[in-house]
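Trainee: below are the sequence and a predicted model; questions follow.
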Amino acid sequence: MVTFRFGHRGVKDYSSLMQLYRRKFHLAQPLVVRLTGFSPRSVAKWAQGESPSLKQEKALVEMDRLLDSLARVMEAGEVGRWMKTPNPAFDGSTPMQVIERGEMDRIWRMLYDVESGQPG
């Protein structure tokens, strides 16, 4: 299993990881589906403890990296709500819509600006 960055050290299986995402970040399973781009069936299998494929694991690591960064600029428990809330920084789109359109760089740029104190 991959070592996850955000407080996920010590998570021994994917079922525990999915529970942690749900509890800490308030990420319901449908949101994990949207964030990773994999099927509800795949995410349900992870929640039951099945290991993801290498491609799926890479998506989980990327999602973990994003959650880590978001938790540095907001309360971890607000991440799920933030992902679904229209945001003026994204022309009224939700962060989830931005991700689904393949514009993740916009979120990374926003995070950089916030963390570096740049006006945005």
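Mentor: Received it, and whenever you're ready, just let me know what you need.
Trainee: okay, CA-based contacts and neighbour counts for the rest of this
Mentor: Will do.
Trainee: ranges for the helices of this protein?
Mentor: Counting by DSSP state H, the chain has these helices, from start to end: 14-25, 29-36, 40-47, 54-73, 79-84, 95-100, 104-116.
Trainee: output these as JSON lines; include the columns mean neighbour count.
Mentor: Conversion of the helices of the chain to JSON lines gives the following (neighbours: other CA atoms under 10 Å):
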{"stretch": "helix 14-25", "mean neighbour count": "18"}
{"stretch": "helix 29-36", "mean neighbour count": "17"}
{"stretch": "helix 40-47", "mean neighbour count": "17"}
{"stretch": "helix 54-73", "mean neighbour count": "16"}
{"stretch": "helix 79-84", "mean neighbour count": "16"}
{"stretch": "helix 95-100", "mean neighbour count": "18"}
{"stretch": "helix 104-116", "mean neighbour count": "14"}
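Trainee: let me have those helices in a markdown table, adding mean pLDDT as columns.
Mentor: Written out in a markdown table, the entries for the helices of the chain read as follows (pLDDT from 0 to 100):
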| stretch | mean pLDDT |
| --- | --- |
| helix 14-25 | 89 |
| helix 29-36 | 92 |
| helix 40-47 | 94 |
| helix 54-73 | 90 |
| helix 79-84 | 96 |
| helix 95-100 | 96 |
| helix 104-116 | 93 |
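Trainee: tell me, what residue is most central in the protein?
Mentor: Most central residue of the chain, judged by C-alpha distance to the mean C-alpha position with CA atoms, centre = their mean, is M63 at 3.9 Å.
Trainee: was I right about that residue contacting R34?
Mentor: No - M63 is beyond contact range of R34, at 10.6 Å (criterion: CA atoms under 8 Å).
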